[in-house]
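[1] give me a 3D structure for the following:
(chains A and B)
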Amino acid sequence: MNFYQKCIIIFLLSLTIIFFSINIFFSNLKNNVSSILNSDQFNYYLEVKINDILENLAEGELSKEKEEYYKDLIKKIRDKYQNVF
Amino acid sequence: MFFNNFFFKKKNLFLFIASLLSFSSFYLTINQSIYTFDTLHWGFINQSAMDYVANKTPYKDIFIQYGPLSVLINSYILKLSGNIFLSIMVLTSFFYATSLLLIFLISKKLIDDYNAFLILLCLFLIHPLAVYPWYLYLGFFLICLGIFLILINSKLSTFISGILFGLLCLNHENYFYILFSIFLINLIINFRIILSKQKIFKLSLIFHVGFLIPLILFYTYLNYYDLVNLWSNNLKLNKTYLDSRNISLLSLSIDAFLFLLKTSMTNFFEKPYYFIFVLIILSNLVFLIFFFLKKKNNLIIFNLTLLSCGLYFNTIHAPTNIFRYSTGFVLGLITLFFLINSLKSIYLKKLLKLTIICLSILSIQFYKSDTNPFYPSFQNYKLNKKTKEYNYFKYTKWSPKIYEHYENLFDISKKISSNCKIQYFVNFTQDGFAFSVLSKNLESYQYISLYKFDYQILESIYKFYNVNLISETKKKIMDEDVIIYINKNNLNIFNDEDKYEKIFLPYNYWLKNKVLLKPKSCSI
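    Next up is the predicted model:
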């Protein structure tokens, strides 16, 4: 094997090692993400987070601007889903 | 001393690694199957086998989509294991693992130990585990064992090989079309070679006698039980599938090939196995051209190449299912390596083989993908530690909610069966396991155990057998003689029946919202 032939083989092997490593990394990532999304802990986290958001929304006074904004928003939702309600 | 002597011989080392890979495939398949929950494919295959165990008549009472052989073998293993459905997958994994080892032995005979090892490695890396209890794995096993026996080159082995190829046609009738085409091509092209060499002529005669034996026995069986018409009617299923898709065989083949070409380019790094499949097709074509130009005259490789080309047709209706390529078409890898080996430049040989191996290494997918759609998540391993001792689902490790669902279903159907005069149930879902669970307490009038509303292919099959399940069920509803298992989304189909009440089964992620409809008059 001459120098160029060796270079081609080394290039091929390096490429394979790099892509294989990327493959392993993303496979792990995918599996971890899917495990987290399907876990009870994540459901619990969502519940706590949603409660937190609702608590924050319930606290304090409603400004005039926000009142108008929510009125408008709820009207739009009501109009859209009138048939469903 | 023995250890050193054994492993220092290269061919023994290759054989040892090949056996190791084959065993790994067997072990990993079983290990993965424990966590796999597939109500559609696994449930369907399992139900056909259970029907046969229950002494129902094939074609008449049992819907045989592919061929009778796999149903027969599955039913025997089910009976032996005491109705544990996972046993079918153990058998399938045995077939696939043994086929891998046989491919190694075949390649070893046709090329050499080193190339045989590389071919096996490629196969293992592309599709390491059997993923469905499908007839294709049994077919692949019969093909590999048949070829291996032909290579032994004795009269007895050729005769047994003929029997195995005959059995292959009973595994799925489509194999017959492939084998018959190969037979015709051989008759036209190699007519002189076969006639001039007396040994080849004799062996091919013995092969064909063996080939005809299972077919004649099967025909006698059909004739005895008056099933010939039903069976021959079943042969038209291929046309029904094509009609339901509104496509011809030629267009489907072209579409599948174009898909393969396109995916091999666009997904080269993500799914390099498609590129290997394109290489196999190309090498098959190159070999056939050389053969016709009389530059290569290896009869075995010629027939193997034809077989690989023929088995490609197993993939065309679902070209993303890698297991379809890996259970037949991949035989073409032998042709590919045979051609590479016949190159003059040693460097080019090494480079091409290295490229194929590198592509195969990149084909390993450690997540749910085309090569392994049931790759279990860490979640499965962590949560589903407990196995259920309930006989039918024994050794599985699913979510406890799935077991609860089926236990609930079993209890309700048992109460209905003992408290009310209801004889039948009907399954309007794709949940094959529910069919099996319900059938323990009630009878079914369903020819096909699964149903999906507005699904063209299934509707065409129902039409093909002149079955209108909805109207049949509505008649039974009038008599209050049926309970209905249905998805919540499809409730509107039977919603106007005021005689019936709904039992909503608890929601779970895997089975979603399922409902059981029972007559109001039946109190449980």
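[2] with adjacent residues omitted, what lies nearest to residue B:521?
    Of all residues not flanking residue B:521 in the chain, residue B:480 sits nearest, at 6.0 Å (CB to CB, 6 or more residues apart in numbering or on different chains). To be clear about C-beta, it is placed using only N, CA and C from the backbone, and glycine gets the same treatment.
[3] how far away is that neighbour from residue B:274?
    Here the criterion is CB to CB, to the nearest Å. By it, residue B:480 lies 54 Å from residue B:274.
[4] quick one: which of these two has more around it?
    Applying other CB atoms under 10 Å in any protein chain shown to residue B:480 and residue B:274 shows that residue B:274 carries more neighbours, namely 26 against 18.
[5] what's the first helix or strand after the one helix or strand the more buried one maps to?
    Element membership for residue B:274 (DSSP states H and E) is helix B:273-292. Next in sequence after helix B:273-292, counting helices and strands by DSSP H and E, comes helix B:299-311.
[6] contact partners for residue B:73?
    With contacts defined as CB atoms under 8 Å, 6 or more residues apart in numbering or on different chains, the neighbours of residue B:73 are B:91, B:138.
[7] flag every residue of chain A that's near chain B.
    Neighbours of chain B within chain A, by CB under 8 Å from any CB of the partner chain: A:1, A:5, A:8-9, A:12-13, A:15-16, A:19-20, A:23-24, A:27-28, A:30-32, A:34-35, A:38-39.
[8] buried only: go through those for me.
    A:9, A:16, A:19, A:23, A:27, A:30-31, A:34-35, A:38-39 (16 or more other CB atoms under 10 Å in any protein chain shown).
[9] go through these and say which is closest to residue B:56.
    Set against residue B:56, the nearest of these by CB to CB is residue A:38 (38.7 Å).
[10] which pLDDT value does the model give the residue in chain B positioned nearest to chain A?
    In chain B, the residue found nearest to chain A is residue B:366; the distance is 3.5 Å by CB to the nearest CB. Predicted confidence (pLDDT) for residue B:366: 86.
[11] separation between the nearest residue in space to it that is not next to it in sequence and residue B:160?
    Counting by CB to CB, 6+ apart, residue A:27 is the residue found nearest to residue B:366 once chain neighbours are left out, at 3.5 Å. Using CB to CB, residue A:27 is found at 43 Å from residue B:160.
[12] burial check on the nearest residue to residue B:65 once chain neighbours are set aside, number of neighbours?
    What sits nearest to residue B:65 in space, not counting adjacent residues and going by CB to CB, 6+ apart, is residue B:237, at 7.2 Å. Residues lying near residue B:237 (other CB under 10 Å) number 18.
[13] do residue B:505 as well
    As a burial measure, residue B:505 scores 21 neighbours (other CB under 10 Å).
[14] so which elements touch the helix or strand that contains residue B:426?
    Secondary structure assignment for residue B:426, by DSSP H and E: strand B:424-427. Judged by 3 or more CB pairs under 8 Å, 6 or more residues apart in numbering or on different chains; DSSP states H and E, strand B:424-427 is in contact with helix B:432-438, strand B:443-444, helix B:469-478, strand B:482-487.
[15] this completes my enquiry, with thanks.
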